[in-house]
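**Q** I'd like to go over a predicted model; first the sequence, then the structure.
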Amino acid sequence: PQEISGAPENSDCVALPVADTIADYFRTDRQPMHWLIPAQTAALTGTFLLALVFFYLYSQYGHRYLRIWAAAWTAYAFRFVAELFGVFTDARLAATIACQAVTLFSAFLLLSGTYAYLSRSLPHSWRAACGVGLLWLPAAGLLGADALVLTGPPSVVVAAAYVWIGRAILRSPASGGIGKNLAGWAFIVWCSLKLAHPFLADAGGCQEWVFLAAMILEIGVAVGFLLMYFEHSRAELAQKAEDQRRIVQHLAGVEQELRTRAHQQETVARLGHSALAGGDSGALLKEAVQTVGRTLNVEFCEVLELLP
């Protein structure tokens with residue numbers, strides 16, 4: 001690389017660094033990029049996009065559970081930030097604590113959003129469990145606990161939250177269709193993965209597959225939530241259309257009833273005027289019978305005399 005055809009003799013000082021850089025780039029013993037870096041970057045970008053979709057839907061329609069779900073996906077995106085921080089630095093303990101903390105907080109928000117979607121209040125027991133899980137992480141880290149003890153209890157809380165969300169969605173009458181089944185079963189499978197994650201985290205050859213499975217389940221949950229929302233909105237629109245149709249029918253019936261009553265009052269007034277004018281009582285009764293029959297729209301009508 002020091003001899004370049006046609007180059008002046010004093011060009012070696014420039015050619016050497018360029019040649020060395022190219023040679024270094026094509027070295028076969030160069031340390032490869034860790035697979036987590038592009039994978040986590042793609043997951044981070046996709047999760048933020050999901051959060052933006054939910055924030056947009058909330059800005060358009062104002063449902064509270066959409067805002068909570070958007071916050072949940074935003075919090076879950078910071079999990080990948082924490083994992084990337086652990087890859088680029090040697091602060092593995094801090095990265096693990098941060099990753100577990102944002103995952104637990106995201107599960108709490110997903111749980112809160114599901115309760116809001118079902119029009120129910122979040123029990124205090126879930127708040128306490130998530131609070132204990134968040135306090136456990138720094139305490140276990142300060143005590144020097146191993147990875148299994150550090151991540152085990154928070155993973156159990158997250159798994160319990162996921163399985164409850166999946167069960168509540170599948171049993172909810174407020175939603176239906178493919179979105180309900182997709183989100184519900186994805187949460188239940190995600191629960192199993194969360195329980196197995198502390199044991200698979202250090203297993204050789206399993207990290208890539210665990211990450212792939214987690215991303216597939218995350219996408220399934222997010223798509224299921226979106227389908228649930230649109231199916232729920234479509235059901236609400238159909239119900240509103242049915243309510244409006246019933247109101248229109250009721251108003252038509254009320255209008256017809258008002259016309260009938262006005263006609264009856266007009267008939268009674270006309271008969272009263274004929275009675276005051278005098279005349280043959282038989283003819284008056286005959287006119288009254290005919291008028292009442294037409295007004296009430298009945299086939300038979302007659303006047304009877306009550307004898308003592």
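**A** That came in fine, so what should we check first?

**Q** Show me the contact partners of stretch 63-82.
**A** Identification of contacts with stretch 63-82 by CB atoms under 8 Å, 6 or more residues apart in numbering yields 40-41, 43-44, 47-48, 50-52, 54-55, 57-58, 95, 98-99, 102-103, 105-107, 109-110, 112-114, 116-117, 218, 222, 225, 229. The C-beta positions use only the backbone N, C-alpha and C, and glycine is treated the same way.

**Q** Over to stretch 121-130?
**A** 104, 105, 107, 108, 111, 112, 115, 157, 160, 161.

**Q** Now the strand or helix carrying the first one: buried residues?
**A** In this assignment (DSSP states H and E), residue 104 forms part of helix 92-117. Of the residues in helix 92-117, those scored as buried under the neighbour-count criterion (16 or more other CB atoms under 10 Å) are 95-117.

**Q** Please apply the same query to stretch 265-281.
**A** Using 16+ other CB under 10 Å as the burial criterion, the residues of stretch 265-281 that qualify are 267, 271.

**Q** where's it relative to the chain centroid, distance-wise?
**A** In this view, stretch 265-281 has its centroid 70 Å away from the chain centroid, taken as CA atoms, centre = their mean, to the nearest Å.

**Q** what's the spacing between the closest residue to residue 68 other than its chain neighbours and residue 278?
**A** Ranked by CB to CB, 6 or more residues apart in numbering and with sequence neighbours excluded, the top spatial neighbour of residue 68 is residue 113, at 3.6 Å. Distance from residue 113 to residue 278, counting by CB to CB, to the nearest Å: 81 Å.

**Q** Check residue 145 too.
**A** Residue 145 is 110 Å from residue 278, where distance means CB to CB.

**Q** cool, residue 129 as well?
**A** Applying CB to CB, the value for residue 129 to residue 278 is 92 Å.

**Q** residues of stretch 129-145 that come out buried?
**A** Buried residues in stretch 129-145, counted by 16+ other CB under 10 Å: 129, 130, 133, 134, 136, 137, 140, 145.

**Q** The helix or strand where residue 217 lies - contacts with which helices or strands?
**A** Here residue 217 sits within helix 207-277, counting by DSSP H and E. Judged by 3 or more CB pairs under 8 Å, 6 or more residues apart in numbering; DSSP states H and E, helix 207-277 is in contact with helix 36-61, helix 64-88, helix 178-200, helix 281-296.

**Q** Could you give the average pLDDT over it?
**A** What helix 207-277 shows for mean pLDDT is 82.

**Q** ditto for stretch 142-162
**A** Confidence for stretch 142-162, expressed as mean pLDDT, is 88.

**Q** Name the residues that touch that stretch?
**A** If you take CB under 8 Å, 6+ apart as the criterion, stretch 142-162 is touched by 96-97, 100-101, 103-104, 107-108, 110-111, 126, 129-130, 132-134, 136-137, 140-141, 187-188, 190-192, 194-195, 197-199, 201-202.

**Q** and what of stretch 101-118?
**A** Here stretch 101-118 has contacts from 64-66, 68-69, 71-73, 75-76, 78-79, 82, 121-122, 126-127, 130, 133-134, 137, 154, 157-158, 161-162, 164-165, 168-169, 172, 174-175, 228, 232, using CB under 8 Å, 6+ apart.

**Q** What is the burial count for the residue nearest to residue 217 when sequence neighbours are not counted?
**A** Closest residue to residue 217 apart from its sequence neighbours, by CB to CB, 6+ apart: residue 190 at 4.4 Å. Neighbour count for residue 190, taken as other CB atoms under 10 Å: 24.

**Q** quick one: residue 190 from residue 62, how far?
**A** Distance from residue 190 to residue 62, by CB to CB: 29 Å.

**Q** May I have stretch 122-130 exported as CSV, CA atoms only?
**A** Listed next in CSV are the C-alpha coordinates belonging to stretch 122-130 (Å, rounded to 0.1, in the frame of the first residue of the first chain):
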residue,chain,number,x,y,z
LEU,A,122,-57.6,-0.2,39.6
PRO,A,123,-57.4,-2.1,42.9
HIS,A,124,-55.0,-0.9,45.5
SER,A,125,-53.4,-4.4,45.6
TRP,A,126,-51.9,-3.9,42.1
ARG,A,127,-50.6,-0.5,43.1
ALA,A,128,-48.9,-2.0,46.2
ALA,A,129,-47.4,-4.9,44.2
CYS,A,130,-45.9,-2.6,41.6
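
**Q** about what we covered before: let's have the helices and strands packed on helix 207-277 in JSON lines, adding mean pLDDT and distance to residue 260.
**A** Output for the helices and strands packed on helix 207-277, formatted as JSON lines (pLDDT from 0 to 100; distance: least, CB to CB, whole Å):
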{"stretch": "helix 36-61", "mean pLDDT": "87", "distance to residue 260": "43"}
{"stretch": "helix 64-88", "mean pLDDT": "90", "distance to residue 260": "47"}
{"stretch": "helix 178-200", "mean pLDDT": "81", "distance to residue 260": "48"}
{"stretch": "helix 281-296", "mean pLDDT": "81", "distance to residue 260": "8"}
